[in-house]
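Asker: Prediction below, plus the sequence it came from.
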Amino acid sequence: MKGSAHYAPAGVIPAALTIFHDDYSIDLPATRRHFRFLAEVPGISAITANGHAAEVHALTFEEQQELLEAAVEEAAGRVRIVSGIYADGSLEAARLARMSARAGASALLVFPPTTLMLGGALRPEMALAHYGAVADAVDLPLILFQYPLGTGLGYPFETFTELVEKIPTIRAVKDWCNDPALHDRHTRYVHARRRPVNMLTTHSSWLMASLTMGARGLLSGAGSVIADMQVAMFEAIQAKDLAHAQRINALMLPITGAFYAEPFLDMHNRMKECLVMLGRAPRAVVRPPLMKLATKEIAGLKRALKAARVGEAGTDIPTQETEQ
């Protein structure tokens, strides 16, 4: 299922993990099973490959191509595939974009280059040049990835709006500004555009609150484990059933709280451990400098899964029918 520049990503979009062997090479059969599992979750609209959850920072160009092609094959036209574009240089970002288009991606999630961390906010033309290079390389919809301003990689509001206005193939925003007031401002701004631009929240630790601000979808690594729970939350908010959303939120909080505890960089490491506990992955290997979690934390994750009632066949989510 290929995209066009008119496709505006929306709905629930899990970001897939990458399963590695003990020697750190990619376990492609296990990763394919993970892609296939996600593609079969009722209610998701797309899957992201080569995102943060995939440890894209540690993947070569060739590995990213291999994973993307596998994701497209396993999705088998049931859902779209979003490809992450993670590069410090704009020329490499354009090369990744062309590869992604050839492999069958429907949209591109464009990360901010870490080159901008040391004062890039003072030179907005740099962000414009980076997105421009990707937009010129392919005719695919782009998802602007907005980071927290405190990281040095977030786009100030003026730059954010300039990107949305001047890059016509930006069709969605993955917002991780981590500021509720700013997230609300971003959401209202993009949804007021004549050209469709959808807000996709990635504030997974406060997902219900974020969705009530009007996001038209979510793109999250937590979906690699609890995609069905995220679908239930999104559908409840879309139906304006706050009471039902609150019940799902109460169920979700133990596991999202465990995923996004400090140190924050271990979030996808924790998700891998959960996949192993759930029988969805054979091992929870991460590539250095990431390191395996301590036994005590793994035990805590097991308790969190139990508290959230996440099981091998999915999540035991209360439905509106069972609550009546």
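Answerer: Good, I have the coordinates.
Asker: Does residue 141 touch residue 172 like I think?
Answerer: Yes. At 7.1 Å, residue 141 counts as touching residue 172 under the criterion of Cβ atoms under 8 Å. Where you see a C-beta, it was placed from the backbone N, CA and C, and this is true even at glycine.
Asker: ok, which stretches of this structure are strands?
Answerer: 11-14, 46-49, 80-85, 107-110, 142-146, 170-175, 198-201, 217-220, 310-311, 314-315 (DSSP state E).
Asker: neighbouring contacts of the third one?
Answerer: Outside strand 80-85, the residues that touch it by Cβ atoms under 8 Å, 6 or more residues apart in numbering are 1, 3, 7, 9, 13, 45-52, 54, 56, 64, 68, 71-72, 75, 93, 96-97, 100, 103-111, 134, 143, 219.
Asker: which residues does residue 249 contact?
Answerer: Applying Cβ under 8 Å, 6+ apart, we find residue 249 in contact with 207, 208, 233.
Asker: what do you get if the cut-off is 7 Å, keeping everything else the same?
Answerer: 208, 233 (Cβ atoms under 7 Å, 6 or more residues apart in numbering).
Asker: can you list the strands of the chain in CSV and add distance to residue 262, mean pLDDT and mean neighbour count?
Answerer: Formatted as CSV, the strands of the chain follow (distance: least, Cβ to Cβ, whole Å; pLDDT from 0 to 100; neighbours: other Cβ atoms under 10 Å):
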stretch, distance to residue 262, mean pLDDT, mean neighbour count
strand 11-14, 23, 98, 27
strand 46-49, 24, 98, 29
strand 80-85, 24, 98, 29
strand 107-110, 25, 98, 28
strand 142-146, 22, 98, 25
strand 170-175, 21, 98, 26
strand 198-201, 21, 98, 25
strand 217-220, 18, 98, 28
strand 310-311, 22, 86, 18
strand 314-315, 25, 40, 18
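Asker: ok, so what distance separates the nearest residue to residue 235 once chain neighbours are set aside from residue 274?
Answerer: In space, and not counting its chain neighbours, residue 235 is closest to residue 43: 6.8 Å by Cβ to Cβ, 6 or more residues apart in numbering. Residue 43 is 20 Å from residue 274, where distance means Cβ to Cβ, to the nearest Å.
Asker: Residue 89 now?
Answerer: Noted for residue 89: a distance of 34 Å to residue 274, by Cβ to Cβ.
Asker: Neighbour count: the two, which is higher?
Answerer: residue 274 (26 against 12; other Cβ atoms under 10 Å).
Asker: That one reaches residue 300, doesn't it?
Answerer: No. At 11.1 Å, residue 274 does not count as touching residue 300 under the criterion of Cβ atoms under 7 Å.
Asker: How many neighbouring residues does residue 40 have?
Answerer: Residues lying near residue 40 (other Cβ under 10 Å) number 14.
Asker: So for it, what's the nearest residue that isn't a sequence neighbour?
Answerer: Leaving aside its sequence neighbours, residue 40 sits nearest to residue 78 (Cβ to Cβ, 6+ apart; 7.6 Å).
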